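Participant: Pasting a predicted model and its sequence here:
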Amino acid sequence: MKFSLKAAALTALATSLTAAAPIEKRDVISDRIFTCFAGLLLTGSWPGSCQAAVSVDMGLIKSIAINQMSMDFTTANPWIPSTSSNSVVATMLSLPGITLPIDKIRQSIIIVDNNYQIGTINTPWAQASTSGATLTTSFPESVLTVFPDAHDAFSGFVASLSTKASHSFVLKGAVDAQLNLGIFGRLTIPNIGFKSTVPMAGLNGLKVTKYLYLIDVLTLPDGSLTISTIVNLENTSKLSVKLGDVIFSTYSNSNYVGVSTIKGLTLVPGNNYVISSTYLDGSIPATKDTSTTNPALNAGLSAIQSELTIPQAFSGSVMSQPPYSDWSLKTLPNTNKDLIVEASVTFKSPYYGFPMEMTADSLANQIHSAVINGVSNEADGTRLFYFMGALKYSVTGSGAYKATFNVKLRRSAFPISEKAKWQKVIDYATANKKIPVKLNWTPYVIINNDGVVRKVDWGTDSVKLSTISVSVGSDFASIIGAFPA
């Protein structure tokens with residue numbers, strides 16, 4: 001009786017298959033695969049003839065789309081980069097009325113480009129899901145082993161993905177699939193063959209490159225210049241690529257002028273804010289346009305030619321956000337003797353998501369100060385306070401740091417001749433609870449943990465702020481006691 005029920009069910013499925021035939025033209029292998037999976041779901045059996053049916057290249061899996069792919073070229077062996085994907089979608093043979101209960105797969109993939117087999121990827125088991133004829137999965141970090149005789153072909157593959165808006169290549173190989181068969185338990189079907197042409201959006205030569213911000217210009221002892229800028233390399237592809245340190249030959253009006261280095265370059269889809277250090281010295285030899293320490297990449301990357309327009313005199317240079325806000329001053333017990341007050345400020349990184357460290361707010365031989373602006377004709381131009389070199393802090397690219405540090409109202413004692421002017425400042429502060437100032441300030445910072453101490457301009461004009469307001473309390477009026485009687 002049990003056998004008769006199965007036979008009846010298979011007859012019904014066969015009738016369904018016959019009814020579906022006018023909708024989808026099926027070959028012998030497709031029909032066999034349908035019958036095999038129908039039998040599997042009803043009986044839990046998987047004979048050798050079924051295994052043979054799914055092992056062909058174009059059997060169960062009809063096409064593959066890779067919606068995202070990551071590649072890491074900083075591995076120890078340049079011909080064995082790592083790769084992963086968080087979205088792989090396979091279109092399978094349509095099996096009317098059947099969704100295969102596949103919940104895990106692993107893949108053995110061969111990449112074929114321009115008819116050359118260039119390498120293989122063997123992935124570990126990964127979660128999978130199915131909906132009708134669509135199988136969705138991913139694969140964690142796996143190695144791409146380039147075949148020894150395919151090094152040139154691999155460089156050509158890299159060049160195509162780097163320079164073209166889109167590039168198609170072939171993936172072929174086999175998938176092992178685990179199925180949850182309910183009362184029949186779990187079954188692993190090995191060696192499900194596939195072969196599919198896969199289109200992939202490429203880096204398109206990084207043509208969308210935009211200058212954002214001038215960090216600093218350093219004059220070296222030999223007279224050459226190093227210009228550090230933040231630029232945006234827009235990645236229009238679905239590729240995430242870790243390249244390491246990359247050197248670009250740099251030209252101006254077709255004349256070679258030096259090299260630009262981007263350290264630790266990783267490109268992700270969308271905006272990529274990077275620090276480019278350009279060493280202007282045309283006497284050093286040109287690289288092959290673009291290079292890394294990875295020989296597997298160089299031939300491919302050398303084809304990239306990206307244009308970057310820097311406005312004259314670096315006009316339009318804009319921070320991602322002001323580096324400071326919420327200024328306030330508070331007097332201390334000895335303020336009227338040593339003229340030191342406590343400043344409180346909120347700091348953020350203005351460098352497009354890069355972390356930064358302030359190593360010194362000023363040096364001993366420098367005058368960096370806050371200048372009163374907007375109180376009165378008599379008071380404007382008076383320095384409200386001087387930086388003392390007391391401020392040091394670190395902040396993440398997206399975080400904020402509330403700093404408390406000492407500043408000095410005056411570098412020497414208050415002269416009696418300025419008492420009336422400072423009384424006007426105190427009267428304004430009492431009425432408004434704040435004092436408007438401009439900053440003349442070039443502190444020293446390290447950006448992105450690169451170890452390079454840079455002198456940067458954080459004056460209010462450079463930060464594109466007209467003035468900042470320094471909040472004060474009722475205690476500020478007590479500084480009048482610092483003047484001679």
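Facilitator: Right, received. Where do you want to start? Numbering: from 1, shown residues only.

Participant: contacts and neighbour counts: CA atoms only from here.
Facilitator: Will do.

Participant: quick one: low-confidence ranges for the stretch 301-450 of the chain?
Facilitator: Along the stretch 301-450 of the chain, the parts satisfying pLDDT under 70 run over 302-316.

Participant: at 80 what do you get?
Facilitator: Applying pLDDT under 80 to the stretch 301-450 of the chain flags residues 301-316, 364-365.

Participant: Please, where are all the helices along it?
Facilitator: 335-338, 419-432 (DSSP state H, counting those that start in this stretch).

Participant: before we move on, what about the stretch 101-250 of the chain?
Facilitator: Along the stretch 101-250 of the chain, counting by DSSP H, counting those that start in this stretch, helices occupy 151-163.

Participant: Can you say which of the helices of the stretch 301-450 of the chain is nearest to S70?
Facilitator: Checking those against S70 by CA to CA gives helix 419-432 as the closest, at 55.7 Å.

Participant: Contacts for stretch 103-110 next, please.
Facilitator: The contact list for stretch 103-110 (CA atoms under 8 Å, 6 or more residues apart in numbering) reads 117-130, 137, 139, 171-180.

Participant: Need the buried ones from those residues selected in ChimeraX.
Facilitator: Entered in ChimeraX, the line below selects the buried ones among those, by 16 or more other CA atoms under 10 Å:
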select :117,118,119,120,121,122,123,125,128,129,130,137,139,171,172,173,174,175,176,177,178,179,180
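
Participant: Restricted to strands, list the contacts of stretch 103-110.
Facilitator: 117-122, 126-130, 137, 139, 171-180 (DSSP state E).

Participant: what about A52, helix or strand, and which?
Facilitator: In the assignment (DSSP states H and E), A52 maps to helix 48-54.

Participant: helices or strands up against that helix?
Facilitator: Judged by 3 or more CA pairs under 8 Å, 6 or more residues apart in numbering; DSSP states H and E, helix 48-54 is in contact with helix 28-43, strand 186-201.

Participant: What pairs with the last one, parallel or antiparallel?
Facilitator: According to DSSP bridges, the neighbouring strands of strand 186-201, each with its direction, are strand 166-180 (antiparallel).

Participant: and the partner strand, C-alpha only, in PDB?
Facilitator: The C-alpha trace of strand 166-180 is given here as PDB (Å, rounded to 0.1, in the frame of the first residue of the first chain):
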ATOM      1  CA  SER A 166      31.700  46.000 -17.100                       C
ATOM      2  CA  HIS A 167      33.500  42.700 -17.800                       C
ATOM      3  CA  SER A 168      32.100  39.200 -18.400                       C
ATOM      4  CA  PHE A 169      33.800  36.000 -17.500                       C
ATOM      5  CA  VAL A 170      32.900  32.400 -17.000                       C
ATOM      6  CA  LEU A 171      32.500  30.500 -13.800                       C
ATOM      7  CA  LYS A 172      32.300  26.700 -13.900                       C
ATOM      8  CA  GLY A 173      32.700  23.900 -11.500                       C
ATOM      9  CA  ALA A 174      30.600  22.000  -9.000                       C
ATOM     10  CA  VAL A 175      28.500  22.600  -5.900                       C
ATOM     11  CA  ASP A 176      27.900  20.300  -3.000                       C
ATOM     12  CA  ALA A 177      24.400  20.900  -1.600                       C
ATOM     13  CA  GLN A 178      22.900  19.900   1.700                       C
ATOM     14  CA  LEU A 179      19.100  19.400   1.700                       C
ATOM     15  CA  ASN A 180      16.700  19.200   4.700                       C
END
